[in-house]
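**Student:** just to be clear, the model below is a prediction. Sequence and coordinates:
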Amino acid sequence: MRNLLIITILSLCQGVSAYGVELPLTPAVECRPREGLPNVLNKLQAGAEVRIGYLGGSITAQPGWRPKTLAWFRGQYPQAKISEINAAIGGTGSGLGVFRLQHDVLRHRPDLLFVEFAVNDGGAAPEQIYRSMEGIVRQTWRHDPKTDICFVYTLTGNMVETLQKGSFPRAASAMERIADHYGIPSIHMGLQVARLAEQGRLIFKGPKPKTDEEKAALGNKILFSPDAVHPYPDTGHQLYLDAIVRSMAKIRRRGKPGPHKLGTPFRADNWEAAKMIPLSRAQLSSGWKKLDPSTDSLAKRFGNRLPELWKANRPGESVTFRVRGSVVRIYDLLGPDCGQVTVKIDDRPAVVRPRFDAYCTYHRLSHLAVGRDLADAPHKITLTIHSDQPDKVAILSQRNEKMDKPERFDDTAWYAGAVLILGDWLD
């Protein structure tokens, strides 16, 4: 997935968020070993069975640093039985990752968890990053205190200058505060990339050369990515792997095997209690249909992510449930045939939320923000399919996209699979 649901303006990289919150930027160091990865390294050296989890966005979903590191570990520890847990979803950050962690990662019992959200969290407030990243750490260690965690940071074009000036961009700087608090090692896989670009030895963005003239013009320079975000597997992702290999030499020397201690939270309002509730536990109107992975292509495609997938497309079809919690979201899909949803919380005025955006030439995972900072009290929430389609032509034109086949877009469908809550389910 190559959708970029991220804000990467320069001000965000320099420590001033869209929320006006200033954050001291962390000095740029490729690896901070902290308390290391002693449990998983001990198992690898013993030739045991080891599962490595990768929780992240589209850069992790690519055939790049994730399979490259998996192959590297297998080469370093040939006696161990090493498998991966691929929990990467393009265009999503830690705010969704903390809700899907149990379903996508923890139930598979990882020994090591890489967490990669520095790019897709580029537009999030520091406080939000603290809450969700700490929630990921505390959920993981509550599930199994011997699971080792490593934060890894990637970069986009607008983050390069900040790194060249000697600082981590804002999102990675926020994550470093959580890593410091819990002794979690971190690796900035893009620091060497920024250095090579500054030295004139790397071109950060460009198409691969096709002609002899284009190859000659490139010379010995490394071509990092086609879009300033997603590295080429054979060059950019190789640099990411090299950073991990260099860092592992330092990390190996740190820490002793044993359970990790949770201790006092960095923030009392962290999202350790984030939950994913299957949509079937809500009250669904009669027009909803549960899609079968054996016969439905979308249910099959997203079956490893959504606990179940439901579809309704008639205006007026609804989902109703009650919760006591401060944050409520719906884990759903966006796509060409999707429409709009009316959201009603208690006696508040209803609001209309589109389930279609400028990337909706295909279906992809997303989440609908229903409510945040809700009072600690029971809430009744109803979501209803709206009768009007959003202006899909205008929305697609934002990215110079057009309707290839208008009939693909002519519907008011909504696909949903779960309710994400920070609190308690009351129905």
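**Tutor:** Structure's in. What do you need?

**Student:** need the nearest residue in space to Ala413, chain neighbours excluded.
**Tutor:** Spatially, and ignoring its direct neighbours in sequence, Ala413 is nearest to Asn313 (4.0 Å; Cβ to Cβ, 6 or more residues apart in numbering). Heads up, the C-betas are built off the backbone N, CA and C, glycines and all.

**Student:** what's the burial count for that neighbour?
**Tutor:** Per other Cβ atoms under 10 Å, the neighbour tally for Asn313 reads 17.

**Student:** how about stretch 332-348: buried residues?
**Tutor:** The neighbour-count criterion (16 or more other Cβ atoms under 10 Å) identifies 332-345 as the buried residues of stretch 332-348.

**Student:** so where is this protein shaky, pLDDT-wise?
**Tutor:** 1-22 (pLDDT under 70).

**Student:** most centrally placed residue in it?
**Tutor:** Residue closest to the mean C-alpha point of the chain, counted by Cα atoms, centre = their mean, is Gly93 at 3.3 Å.

**Student:** contact partners for that residue?
**Tutor:** Contact analysis of Gly93 by Cβ atoms under 8 Å, 6 or more residues apart in numbering lists 6, 57, 117, 120-121, 124, 132.

**Student:** let's see 7 Å
**Tutor:** 57, 117, 120-121, 124 (Cβ atoms under 7 Å, 6 or more residues apart in numbering).

**Student:** taking the residues you listed, tell me the two that lie furthest apart.
**Tutor:** Gly57 and Ala124 (12.5 Å; Cβ to Cβ).

**Student:** who has more neighbours, those two?
**Tutor:** Using other Cβ under 10 Å, the more surrounded residue of Gly57 and Ala124 is Gly57, with 30 against 26.

**Student:** find the nearest non-adjacent residue to that one, please.
**Tutor:** Asn120 (4.3 Å).

**Student:** what's the answer for Ala377, then?
**Tutor:** Arg324 (6.6 Å).

**Student:** right, and that neighbour touches Ile381 too?
**Tutor:** No. Counting by Cβ atoms under 7 Å, Arg324 does not reach Ile381; the two are 11.4 Å apart.

**Student:** more crowded one of these two?
**Tutor:** Between Arg324 and Ile381, counting by other Cβ under 10 Å, Ile381 is the more crowded of the two (21 against 15).

**Student:** in terms of helices and strands, where is the more buried one?
**Tutor:** strand 378-385 (DSSP states H and E).

**Student:** and the next helix or strand past that strand?
**Tutor:** Next along from strand 378-385, by DSSP H and E: helix 392-397.

**Student:** which parts of the stretch 101-250 of the chain are strands?
**Tutor:** 112-116, 148-153, 186-188, 202-205, 222-225 (DSSP state E, counting those that start in this stretch).

**Student:** ok, which of those comes nearest Tyr77?
**Tutor:** strand 112-116 (12.0 Å).

**Student:** restricting to C-alpha, output that closest one in PDB.
**Tutor:** Extracted in PDB, the C-alpha atoms of strand 112-116 (Å, rounded to 0.1, in the frame of the first residue of the first chain):
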ATOM      1  CA  LEU A 112      11.000  -9.700  19.600                       C
ATOM      2  CA  LEU A 113       8.800  -6.800  18.500                       C
ATOM      3  CA  PHE A 114      10.000  -4.200  16.100                       C
ATOM      4  CA  VAL A 115       7.800  -1.000  16.200                       C
ATOM      5  CA  GLU A 116       8.000   1.300  13.200                       C
END
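
**Student:** touching that strand from outside, list them.
**Tutor:** 37, 40, 52-57, 59-60, 105, 136, 140, 147-152, 154.

**Student:** in helices, which of the residues you listed fall?
**Tutor:** Among the contacts of strand 112-116, the members found in helices (DSSP state H) are 40, 59-60, 136, 140.

**Student:** let me know the closest of these to Arg301.
**Tutor:** For those, the minimum distance to Arg301 (Cβ to Cβ) is 18.3 Å, reached by Thr60.

**Student:** count of residues packed around the closest one?
**Tutor:** 25.

**Student:** next, format the strands of the stretch 101-250 of the chain as JSON lines and append distance to Val393 and mean neighbour count.
**Tutor:** JSON lines is the format used below for those (distance: least, Cβ to Cβ, whole Å; neighbours: other Cβ atoms under 10 Å):
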{"stretch": "strand 112-116", "distance to Val393": "35", "mean neighbour count": "26"}
{"stretch": "strand 148-153", "distance to Val393": "38", "mean neighbour count": "26"}
{"stretch": "strand 186-188", "distance to Val393": "41", "mean neighbour count": "27"}
{"stretch": "strand 202-205", "distance to Val393": "30", "mean neighbour count": "17"}
{"stretch": "strand 222-225", "distance to Val393": "31", "mean neighbour count": "20"}
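
**Student:** how about those in CSV, adding distance to Gln79?
**Tutor:** Shown next, in CSV, are those (distance: least, Cβ to Cβ, whole Å):
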stretch, distance to Gln79
strand 112-116, 17
strand 148-153, 19
strand 186-188, 25
strand 202-205, 37
strand 222-225, 34
